[in-house]
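Enquirer: Pasting the sequence and the predicted coordinates here, then a few questions.
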Amino acid sequence: MIDLTRAVDLSSAESIALWRITNDGVMGGVSEGRMLFNGGHGIFSGHISLENNGGFSSAFRPVEGVPTKLHSIQIDIQGDGNCYQLRAVVFDNGYRLAYKQDFDTVAGQRQIFTFPLVDFKASFRGRLISNAPILVSSDVREVGFLVNNHKAGDFTLSVFGIAFLEGG
């Protein structure tokens, strides 16, 4: 169970409205994603298209006041068998860096994953940044998910919880 004192709110339609979708249309693709509210949790879903060199969809929401000294992010999800990325966004010298952690889902199975912040890999526009600093909880300004499986098809990721934790 996720500790709600350090959790991202997913409990209302208003909290789900804070999510921002970025699809591959920014690069000419035609994939479509959305974040919907469904009885106490969010559902990130849509369709990935490989047309026009497309192939991804992402959903992000702002987070504020994440305390220092937290060491991991825990997610409570139910997937569809696809691989996803959990992303934590920081702003460094005017650049938006996304720190990412891949996770595989089992279709129809609810799963809880805990990822130490030190294991997240920094990336900028899809390229790994090897000399980026280690992710620090107080620097995180957004959290989200990305699906980029290099295959066309529908996707659905139910998100029951996202929380920052002291242990890792």
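Expert: Sure thing, it's come through.

Enquirer: can you tell me how far the residue located most distally from the centre of the chain sits from residue 122?
Expert: Residue farthest from the centre of the chain, counting by C-alpha atoms, centre = their mean, is residue 52 at 24.1 Å. Separation of residue 52 from residue 122 (C-beta to C-beta, to the nearest Å) stands at 28 Å. Just so you know, the C-beta spots here come from the backbone N, C-alpha and C atoms, and that holds for glycine as well.

Enquirer: buried residues in the longest strand along the chain?
Expert: Of all segments of type strand in the chain, defined using DSSP state E, the longest is strand 153-165. For strand 153-165, a neighbour-count test (16 or more other C-beta atoms under 10 Å) marks 155-165 as buried.

Enquirer: which strands and helices sit next to that strand?
Expert: On a contact count with 3 or more C-beta pairs under 8 Å, 6 or more residues apart in numbering; DSSP states H and E, strand 153-165 meets strand 42-48, strand 72-78, strand 110-116, strand 142-147.

Enquirer: Of those, give the one that comes closest to residue 33.
Expert: Closest to residue 33 of the helices and strands packed on strand 153-165, according to C-beta to C-beta: strand 42-48, at 3.5 Å.

Enquirer: ranges for the helices of this protein?
Expert: 13-16 (DSSP state H).

Enquirer: Apart from its neighbours in sequence, what residue is nearest residue 105?
Expert: residue 79 (2.3 Å; C-beta to C-beta, 6 or more residues apart in numbering).

Enquirer: quick one: the one you found from residue 157, how far?
Expert: 5 Å.

Enquirer: what touches both of the two?
Expert: residue 105 (C-beta atoms under 8 Å, 6 or more residues apart in numbering).

Enquirer: The residue nearest to residue 105 and residue 86 touch, don't they?
Expert: No - assessed by C-beta atoms under 8 Å, residue 79 is found out of contact with residue 86, at 11.8 Å.
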